[in-house]
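**Student:** Need the 3D shape of this:
(one chain, ligands or ions: 2)
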Amino acid sequence: MIIKTNLEWLYPELLEEAKFFSGTGDIEINHTHSSNFVDEIDICGKKYNYTNYRDFSTLLEEKRYIKRFAKLALYNAMSDYLGQNLPWGALTGIRPVKFAYGEGERWRKEMGDVMRVSPKKLDMVAAIMEQQKPFTDIAENSCDLFIGIPFCPSRCLYCSFMSSEIGKCDNANEYVDALVKEINASKPLIGNLRSVYIGGGTPISLPISQLSRILETVGDVNCEYTVEAGRPDCITDDVLKLLSDHGVTRICVNPQTFKDDTLELLGRKHTVKEIYDKYYLARKYSFDINMDLIAGLPEESFDDFKNSINAAIDLSPENLTVHTLSLKAGSRLKEMVDRLPEGQIDKMIDYSYDRLTESGYFPYYMYRQKYMAGNLENTGYTKAGKACVYNVDVMEEIADNLACGANAVSKKLFSGGERIERYGAPKDISTYISKIDKVIEEKNKLFSSK
Ligand SMILES: C[S@@+](CC[C@H](N)C(=O)[O-])C[C@H]1O[C@@H](n2cnc3c(N)ncnc32)[C@H](O)[C@@H]1O
Ligand code: SF4
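**Tutor:** Numbers count the residues shown, from 1 in each chain. Ligands and ions are numbered 1, 2, ... in the order given. From the prediction side, this is the model:
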């Protein structure tokens, strides 16, 4: 079987070095299956053998398996050539924990011995699976409701999420009109509702009257209800009261860092003092609070990051999410920032894991992205019993996702999740507004299919 693929997709972090295999990054993998359990992979004329201890029942399964071993062969060759190992070894893909579930009892062997994932990351995966136990046995027809607000008070330098500066948009009100229509149309599609998540962008950058319309449309919710309030500069007592009056149970107050110079450089438009002020203001209500931090921010040393982790732990939020800076194409920082000295980012991520787990936090979900510094991961930590159901459902793809808004991707699971179908709404805000009836029709079609 011959498979054509591209090294950039496999190893964006190592692309330059990996080009010794192929000048363009395009590679052709030729796989020869043999019955004596040793198969051969030929990658651009270099031959590698691997032990095949599995039988394939379908062509798709065979293709998947070969791709996995092609990655491994590439990884081994590059690792020897460069004298370097990566924490996640040859494992690519955004959901390492879902990969582990898919391997059943043999997940440790498959990830550790075969894909060369480090023992520390394996322990992390095991700890996450343990935390997820209460969530994975779920009722049929379970779903989460996501509502996307693609507006922010200003753009942060590092951010490659789709969102527009609200002050420069003249269609925020029309956006809310379309969104309200979509939420109302989605209500009959809701089965067993596990959580509601209003995310962004920065949902609370909307005028309070428009935010209130959305919350009214969602109505009474008897499950976890998150609003990714996010930017401390948008948090006011009026907004917090509005969220609390509508039954919101969880909000985010995101520092990203506890260093004023970095906040200024990133264009966050708030200070460290404001993080504290708004956190204490939010504590007057009964919300669970999540805080986001980023490792590898420009001009930050290990000590700066260490200080941010420690400051966040001292505040004792229910959840803490540690991101690794990912400089995607399109991010303004990409051109500006040099990567950290080798090993620094691994040290930061290791520190966050060690310090948080010593301080009563448990890792409970994790995902990886392309272009992440050090090829690492984003990890959500929680205090005991405070894990966010929405994050687990989305990462492990264990419930349907009814997603409303521009660029929102709805997912419907079939045969207990063996097959997933998606519908992505238009990314562009004006297109979303003008196509709202079509969006509703497509979603109805997806959720009524068997
Ligand atoms: C959808 S954003 C919304 C957060 C909210 N608007 C705020 O700024 O506080 C969710 C989180 O993604 C993380 N994030 C955004 N861009 C990132 C990047 N390029 N690399 C790593 N993390 C990033 C940030 O920690 C951010 O809080
Ligand atoms: S980090 Fe948050 S506030 Fe900043 S641009 Fe991204 S979504 Fe908007």
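**Student:** May I have the residues that are in contact with residue 161?
**Tutor:** By CB atoms under 8 Å, 6 or more residues apart in numbering, residue 161 lies in contact with 200, 201. To be clear about C-beta, it is placed using only N, CA and C from the backbone, and glycine gets the same treatment.
**Student:** need the residues of this protein near ligand 1, please.
**Tutor:** Counting by CB under 6 Å from any ligand atom, the chain comes close to ligand 1 at 152, 158-161, 200-202, 228, 230-231, 254, 256, 292, 294, 323, 325-326, 331.
**Student:** now with 5 Å?
**Tutor:** Counting by CB under 5 Å from any ligand atom, the residues of the chain close to ligand 1 are 158-159, 161, 200, 202, 230-231, 254, 292, 294, 323, 325-326.
**Student:** What is the nearest of the residues you listed to residue 59?
**Tutor:** Using CB to CB, residue 326 is the member of these that lies nearest residue 59, at 34.0 Å.
**Student:** and that closest one, what is it in contact with?
**Tutor:** Counted by CB under 8 Å, 6+ apart, residue 326 has contacts 160, 369, 370, 371, 372, 373.
**Student:** what do you get for residue 155?
**Tutor:** 163, 165, 267.
**Student:** Tell me the buried residues within the residues you listed.
**Tutor:** Buried residues within the contacts of residue 155, counting neighbours by 16 or more other CB atoms under 10 Å: residue 163.
**Student:** check the contacts of residue 155 against ligand 2, which are close?
**Tutor:** Answer for these near ligand 2 (CB under 5 Å from any ligand atom): residue 163.
**Student:** ok, which stretches of the stretch 201-350 of the chain are helices?
**Tutor:** Ranges of helices in the stretch 201-350 of the chain, per DSSP state H, counting those that start in this stretch, are 208-218, 237-245, 260-266, 272-282, 302-315, 333-336, 344-358.
**Student:** Out of these, which is closest to ligand 2?
**Tutor:** Of all those, it is helix 260-266 that lies closest to ligand 2, at 8.0 Å by CB to the nearest ligand atom.
**Student:** That closest one vs ligand 2: in contact?
**Tutor:** No - using CB under 5 Å from any ligand atom, helix 260-266 stays clear of ligand 2, with a minimum separation of 8.0 Å.
**Student:** Going by distance to ligand 1, which of the contacts of residue 326 wins?
**Tutor:** residue 160 (5.3 Å).
**Student:** Just the local confidence number for that closest one, please.
**Tutor:** Listed pLDDT for residue 160 reads 76.
**Student:** Then it would be within a helix, right?
**Tutor:** No - counting by DSSP: H, G, I helix; E, B strand; the rest coil, one finds residue 160 to be coil, located in no helix.
**Student:** Can you give the domain ranges for the chain?
**Tutor:** Under automatic domain parsing, the residue ranges defining each domain of the chain are 1-84, 134-404.
**Student:** which one of those domains is the most hemmed in?
**Tutor:** Highest mean neighbour count among the domains of the chain (mean count of other CB atoms under 10 Å): domain 134-404, with a mean of 19.
**Student:** First-to-last residue distance for it?
**Tutor:** In domain 134-404, first residue to last residue: 27 Å (CA to CA, to the nearest Å).
**Student:** let's have the chain start at 8 instead
**Tutor:** OK, 8 is where the count begins now, so the last one is domain 141-411.
**Student:** so how far is that domain off the chain centroid?
**Tutor:** Chain-centre distance of domain 141-411: 10 Å, with CA atoms, centre = their mean, to the nearest Å.
**Student:** If anything else comes up later, I'll come back, but that's it for now.
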